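[1] Can you look at this prediction? I've put the sequence above it.
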Amino acid sequence: MDVRAAQVAAREAFARGEWRLVRDRLAPVGVALAPADRDLLGRATWLLGDVPGSMEHAEQAFAGYVAQGRDVTAAELALRLSIQWATRGDAALAGAWFARARRLLEDVPACAATGYLRYTAVLLAPQIDGDARSTAAAAEDVATLAAELGDPTLGCFARVLHGVAAIRDGRVADGFAALDEAMLPVLAGQVDPLWAGDIYCAVVHACEGLADLTRMRAWTDAMARWARPFPDDLVYAGVTRVHQLQLLAAEGDWDAVEAEVAELSERLATAHSWVAGSGFVELGDIRRLRGDAPGARRAYARARAVGVEPQPGEAELLLTEGHVAEALESLLGAVAAAGRLDGARLLLPAVRCAITAGDLGLAEHLTADLDAVAAYFASPGLTARAAQARAAVLLARSQPAAAVPHLETALETYREQRYRYAMAQVHEQLAAAHAALGARAAGAAAAATARAIYARLGAAPDVARLDAGQRPDQLPAGLTAREAEVLVCVAAGGSNREVAARLYISEKTVGRHLANIFLKIGVSSRTAAGAWAHAHGLTGG
């Protein structure tokens, strides 16, 4: 074998993104590979999805670099290994490789590798809502190095750190502006794919923590376009697809998620355990909501096996089975173990569980915690959760009039974020509020809407629960649930375009519904229809 020819061909192939060709040229060379070529083989193998094989090559390359006295190059590789072990879910080995990199760079003048070290130190911190001051200091150091060295990857790192620091400081808009800017060189192909994918994960992690599905959707779509020219088995193509499936789950396409997410998560389990675990949790949640408790438990167990705690889903499954105390205990334990922002996603389920347990004092306390987090980070998604939690407590305290504005706030955000199941939950709460206020028609409309959404999703237990507790109230004039929704929006002064945007239907469909409504209620104008709606209690939700 002509080793020199194989090396040249592999390097040219890597520059073109032809990673299979890199593997095919270098793998047969075996022990004769120089550290740089072993490193290249490891990078190509990782990008093709063989993470264990890749890390074996990388560790051999690291030993070779150290033997050659190339400490800075060895440190850069150690940092990559640190990130790879972290994404595989092994914090101990991630920390060990980071410590190796730090030791190798102790006496080295400031260089790109020291900037990578500062970035990785922040990245390995477990919570996004950590110390803002130290993160901002790291961002300034990395930005200075990026400017001095003209290194685009360091420039991205600096913007990511600035973004994380701003979010930690409660300046979410500034934080996302920096994170958005950090993604631009990534999408332009100016950043190494391993680090590019890592930057994307940092952005998406922030979106998830802040419950910002709209921004998560935008960047996930952008990353899918970035990954399209690469081989299908690119690690971050799979990572991006899991996030796409999470968003599809929120939008209500549960069948598509069930058909794909288990196999995809298994494929990622040895490469990116956090994302694989998220996929298994998503599968468990869908199965739980569809009434498949054994299937949900299997998915949750698989998530835990790859290092991701399946909360709040596992506790909510216990709650549906009547194990209220056990569910509440597990939720409170998870909240205590999580950081302030990561724990925010657990607080709304914990509020519901506390109300079910009859502990309104605890529910109030948890709601106050969620209010504080939502106020600090000012994220629409967190604000919606806090509003929904506050409404749940008010309903439990027989204050339905006070609950309605909170529910309307939450519903508007969930509509904007296309979060279908949460919309159904809020409609169900609105039904209870309107019924308690004596607005029977509005209550019936909200209940019918909730049932329709649950039915479309396949949430059979929710449909059965609503049917079992169904009141004899009927919508007036034979209106359907969708017609009642349209009429409520029109009565509030919405144009056809505004109604269409709010309900995610076309203007043509709105017009058709209005024609049917006018016929059923015997009016010929929007003004008259609005007056009729107010007279018959169709004024909310």
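    On my side now, so go ahead.

[2] Okay, domains of the protein per the record?
    Following automatic domain parsing, the chain resolves into domains at 1-109, 419-535.

[3] Now do the longest one, average pLDDT.
    When pLDDT is averaged along domain 419-535, the result is 87.

[4] List the contacts of the residue nearest to Thr114 when sequence neighbours are not counted.
    Leaving aside its sequence neighbours, Thr114 sits nearest to Leu105 (C-beta to C-beta, 6 or more residues apart in numbering; 5.7 Å). For glycine as for every other residue, the C-beta is placed from the backbone atoms N, C-alpha and C. Counting by C-beta atoms under 8 Å, 6 or more residues apart in numbering, Leu105 touches 71-72, 75, 113-114, 117.

[5] closest to Glu314 out of the domains of the chain?
    domain 419-535 (16.3 Å; C-beta to C-beta).

[6] buried ones in the helix or strand harbouring Arg451?
    Using DSSP states H and E, Arg451 maps to helix 440-457. Using 16 or more other C-beta atoms under 10 Å as the test for burial, helix 440-457 gives 440-454, 457.

[7] Stretch 486-506 now?
    Buried, per 16+ other C-beta under 10 Å, within stretch 486-506: 486-491, 494, 496, 499-503, 505.

[8] hang on, isn't Pro422 packed against Arg415?
    If you look again at residue 422, you'll see it is Ala, not Pro. No. Between Ala422 and Arg415 there is no contact under C-beta atoms under 8 Å: 9.6 Å.

[9] Neighbour count for these two, which is higher?
    Taking other C-beta atoms under 10 Å, Ala422 and Arg415 do not tie; Ala422 has more neighbours (23 against 18).

[10] circling back to that earlier point, pipe the domains of the chain into a markdown table and attach distance to Ala178 per row.
    Formatted as a markdown table, the domains of the chain follow (distance: least, C-beta to C-beta, whole Å):
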| stretch | distance to Ala178 |
| --- | --- |
| domain 1-109 | 20 |
| domain 419-535 | 26 |
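
[11] So which of those domains is nearest Leu123?
    The stretch from these with the least distance to Leu123 (C-beta to C-beta) is domain 1-109; that distance is 7.1 Å.

[12] List of residues touching stretch 141-148?
    Contacts for stretch 141-148 (C-beta under 8 Å, 6+ apart): 110-112, 114-115, 118-119, 151-152, 154-155, 157-158, 161-162.

[13] Centre of the chain to it, how far?
    Mean-position distance between stretch 141-148 and its chain equals 31 Å (C-alpha atoms, centre = their mean, to the nearest Å).

[14] List the buried residues for it?
    Of the residues in stretch 141-148, those buried (16+ other C-beta under 10 Å) are 141-143, 145-146.

[15] what mean pLDDT would you report for it?
    For stretch 141-148, mean pLDDT is 94.

[16] Cys111 is in contact with Asp71, isn't it?
    No. Applying C-beta under 8 Å as the test, Cys111 and Asp71 come out as separate, 10.8 Å apart.

[17] Give me the residue at the spatial middle of this structure.
    Glu208 (3.5 Å; C-alpha atoms, centre = their mean).

[18] Skipping its backbone neighbours, what lies nearest that one in space?
    Nearest non-adjacent residue to Glu208 (C-beta to C-beta, 6+ apart): Met216, at 6.6 Å.

[19] can you check Leu411 too?
    Nearest non-adjacent residue to Leu411, counting by C-beta to C-beta, 6+ apart: Val426, 4.6 Å away.

[20] do Glu258 as well
    Once flanking residues are discounted, Glu258 sits nearest to Ile286: 5.9 Å by C-beta to C-beta, 6+ apart.

[21] Let me know whether the one you found touches Asp255 as I believe.
    No. Using C-beta under 8 Å as the test, Ile286 is too far from Asp255 to be in contact (9.2 Å).
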